[in-house]
Every structure is written in C-alpha cells, then in structure tokens.
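In: what follows is a predicted protein model with its sequence.
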Amino acid sequence: MIPTLNEERNLPHVFAKLPASIDEVVLVDGGSVDRTVEVARQLRPDVVVVHQTRTGKGNALACGFAACTGDIIVMIDADGSTDPAEIPLFVAKLVAGADFVKGSRFNHGGHSHDITRLRKMGNDGLNLVVNVLFGTRFTDLCYGYNAFWRSVVPVLDLPDVRLPRPTDGTKLWGDGFEIETMINIRAAVDGMKVGEVGSIEHRRIHGETNLNTFRDGFRVLRTIFSEYGRMRRDKRTGERRPGGVVVHQDPAAAPRPAPRRFASGAVNAEAKRASVLDD
C-alpha cells in the first residue's frame with residue numbers, strides 16, 4: 001500500500017523494485033496535480049487507485065487499508081526512501097508468528113542514508129519515552145515501513161474515512177503524521193506480537209520532504225502522551241483485552257499458516273529465504 005502526493009518521478013523506481021509475485025498494489029492519491037496516477041497505471045495496469053477522503057498521511061493510510069484485500073498489508077513510501085525489495089523480510093516475520101512487524105533503521109543491520117544527527121537524537125529520545133511508558137523495546141519508533149495481517153486493522157481504531165473534514169481546515173486526530181506512532185503503540189498496547197526487521201532507509205529520489213523536525217517531533221510526543229492516557233482509560237474501563245506489551249525482536253515460536261494473498265507482499269518461497277537472512 002503506497003500513499004502518494006505528486007510522486008510521478010519516483011514511482012518508476014519504486015514499482016521496478018516491487019517483488020515480482022506481489023498480488024495487489026494499492027496506491028492512495030492525496031490529490032496529486034502531476035501525473036502520479038497516470039504513471040502508476042502505465043507502470044502497473046492492475047494497480048488499485050484510491051483517492052483519500054480528507055487530507056494527511058493518516059487518512060491516506062486508513063483509506064488504503066480499507067481497500068486492501070490481501071491477507072498481509074505492507075506500508076511503503078512513494079519517494080524511494082523505503083526499499084520494496086525488503087518486503088519478504090517483513091512477510092517472513094509475520095508467517096513466523098508475529099501480528100505486526102515494523103522496520104528498524106537502527107537494529108538488525110538497518111541503516112539510514114537520510115536521517116540527520118538532530119533527527120536521530122530526537123528519535124532516540126522518543127523511543128526512550130515510549131519504551132518506559134509502555135514497556136516496549138522499540139528501536140526505531142518514527143519509521144513508517146510496517147507490515148501486518150489485515151485482521152489487525154480494526155484494532156488500530158483509525159478515524160472513519162467517511163467522516164467529513166473539519167470545517168475549520170484542521171485534521172481529525174489520526175489523519176496526520178502522528179499515524180505511524182499511533183499504530184505502533186496501539187499494536188503493542190493491544191498485546192500483539194510485534195516484530196522488528198532491519199531496514200535501509202534511502203534518501204528521497206526526487207522532490208522535497210514534508211517532514212519538519214521540530215513540528216513533527218512535538219506532534220509525535222503529543223501522540224505518545226495521548227496514547228498513554230488512552231491506555232490508562234481503557235485499563236480502568238476494561239475495554240481492551242489483557243496482555244503483555246512487548247516487542248519481539250526474534251521470530252515467534254508458533255508459526256502462522258502461509259498467507260493466501262498479499263497486499264504489497266511476496267510469495268511464500270521468498271519469505272522462507274528471507275527468514276534465514278533475518279536470523
């Protein structure tokens with residue numbers, strides 16, 4: 001699943017690196033004024049194009065999740081920063097028993113060619129806050145390369161894509177960049193088996209990033225404390241199932257059956273090879 005906004009020059013690179021046996025590619029467009037959608041259809045005639053209902057990456061992801069039909073959903077970026085060739089690593093971890101798998105640039109041999117020293121310090125600080133508050137062992141909180149079973153989507157409890165955009169022009173909580181932190185925390189709080197996979201982050205190929213270090217860093221921090229409050233309220237009311245909050249950095253012992261179909265996934269044979277690499 002690929003959220004896009006004016007990425008026509010980057011899509012040829014991204015689509016060329018998708019594993020050959022992917023069953024479904026869902027592209028969510030946020031109102032591009034270039035040829036993003038046309039290029040996607042030229043590159044892959046079977047691409048599923050979805051137009052997001054509001055604005056913001058969170059809404060784009062929610063719209064994409066709703067459109068995916070595969071057993072596994074994989075989130076990648078359209079700017080070339082996430083490597084689609086790594087998808088089998090994520091699939092292998094899920095097949096091995098994880099419910100939710102996140103990429104890490106700072107563990108399992110991961111690396112970033114893009115992050116600055118200031119952003120790395122901020123990421124480390126935010127990691128520490130989350131791990132202390134939620135009892136997790138995340139090594140890279142602010143990275144959007146994730147994969148999970150489609151059955152996980154309702155647990156993430158994202159804003160309904162059918163809701164109208166606020167008349168004052170603001171975003172619904174969960175429609176912005178806070179989405180990535182939100183879903184990571186909610187997966188862990190729900191007691192899911194959360195795995196990590198080493199990932200190489202590349203520099204954006206064309207265009208400029210919308211990331212603002214201080215603005216988005218404070219937004220992530222606000223998200224962390226908001227989710228902590230949410231967890232405490234849910235524990236008091238008993239609304240969420242009991243379970244430990246843990247990040248499993250090794251494959252879980254009890255494997256799941258091989259998935260039948262993937263949304264931005266790869267064949268199971270590739271996943272088995274990937275599991276050897278990940279160990």
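Out: Great, that's in hand.
In: for the rest of this, base every contact and every neighbour count on C-alpha atoms.
Out: Will do.
In: quick one: the strands in this structure?
Out: 2-4, 26-29, 48-51, 72-75, 100-104, 111-112, 146-149, 194-198, 200-201, 247-248, 262-263 (DSSP state E).
In: now the weakest link among these, please, by mean pLDDT.
Out: Ranked by mean pLDDT, these end with strand 247-248 at the bottom, a mean of 44.
In: ok, Lys171 touching Gly56?
Out: Yes. Contact criterion C-alpha atoms under 8 Å: Lys171 and Gly56 qualify, at 7.5 Å.
In: how far does the lengthiest helix in the chain sit from the chain's center?
Out: Using DSSP state H, we find that the single longest helix of the chain is helix 213-237. Chain-centre distance of helix 213-237: 18 Å, with C-alpha atoms, centre = their mean, to the nearest Å.
In: now stretch 54-73
Out: That offset, for stretch 54-73, works out to 10 Å (C-alpha atoms, centre = their mean).
In: any weak-confidence spans in the chain?
Out: Along the chain, the model assigns pLDDT under 70 to residues 209-214, 239-279.
In: and the helices in it?
Out: So, for the chain - with DSSP H - the helices run 11-16, 36-43, 57-67, 87-95, 117-134, 153-156, 179-189, 213-237, 268-278.
In: burial count for Thr36?
Out: Neighbour count of Thr36, defined by other C-alpha atoms under 10 Å: 20.
In: same question but for Lys57, I mixed them up
Out: Neighbours around Lys57, by other C-alpha under 10 Å: 22.
In: got a list of what the residue found closest to it once you drop the neighbours it is linked to in the chain touches?
Out: Nearest residue to Lys57 in three dimensions, chain neighbours excluded: Gly176, at 5.3 Å (C-alpha to C-alpha, 6 or more residues apart in numbering). The contact partners of Gly176, by C-alpha atoms under 8 Å, 6 or more residues apart in numbering, come to Thr55, Gly56, Lys57, Gly58, Asn59.
In: coming back round to it: would you mind listing the buried residues in the longest helix of the chain?
Out: For helix 213-237, the neighbour count (16 or more other C-alpha atoms under 10 Å) marks Gly217, Val220, Leu221, Thr223, Ile224, Glu227, Tyr228, Met231 as buried.
In: cool, and stretch 29-43?
Out: Here stretch 29-43 shows Asp29, Gly30, Gly31, Thr36, Val37, Val39, Ala40 as buried, counting by 16+ other C-alpha under 10 Å.
In: using CSV, list the CA coordinates for that stretch.
Out: Extracted C-alpha coordinates of stretch 29-43, given in CSV (Å, rounded to 0.1, in the frame of the first residue of the first chain):
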residue,chain,number,x,y,z
ASP,A,29,-3.5,9.5,-4.0
GLY,A,30,-3.8,12.7,-2.0
GLY,A,31,-4.9,15.0,-4.8
SER,A,32,-1.7,15.0,-6.9
VAL,A,33,-1.5,17.7,-9.5
ASP,A,34,1.1,15.9,-11.6
ARG,A,35,0.8,12.6,-13.5
THR,A,36,1.1,10.3,-10.4
VAL,A,37,-2.0,8.3,-11.1
GLU,A,38,-1.4,8.1,-14.8
VAL,A,39,2.2,6.9,-14.3
ALA,A,40,1.1,4.3,-11.8
ARG,A,41,-1.4,2.9,-14.2
GLN,A,42,1.1,2.8,-17.0
LEU,A,43,3.7,1.0,-14.9
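In: residues in contact with it?
Out: 3-9, 11-12, 15, 47, 49-52, 55-56, 60.
In: try 10 Å
Out: For stretch 29-43, contacts defined as C-alpha atoms under 10 Å, 6 or more residues apart in numbering pick out 2-12, 15-16, 25, 27-28, 44-57, 59-60, 63-64.
In: how much space between Gly238 and Phe225?
Out: Using C-alpha to C-alpha, to the nearest Å, we find Gly238 at a distance of 20 Å from Phe225.
In: please apply the same query to Arg203.
Out: 30 Å.
In: again, but for Gly198
Out: Noted for Gly198: a distance of 27 Å to Phe225, by C-alpha to C-alpha.
In: in this protein, which residue is most central in space?
Out: Residue closest to the mean C-alpha point of the chain, counted by C-alpha atoms, centre = their mean, is Asn146 at 3.5 Å.
In: mind listing what the nearest residue to Asp114 once chain neighbours are set aside touches?
Out: Closest residue in space to Asp114, ignoring its immediate chain neighbours: Arg203 at 4.9 Å, by C-alpha to C-alpha, 6+ apart. Contact analysis of Arg203 by C-alpha under 10 Å, 6+ apart lists Asp79, Gly80, Ser81, Thr82, Ser112, His113, Asp114, Ile115, Thr209.
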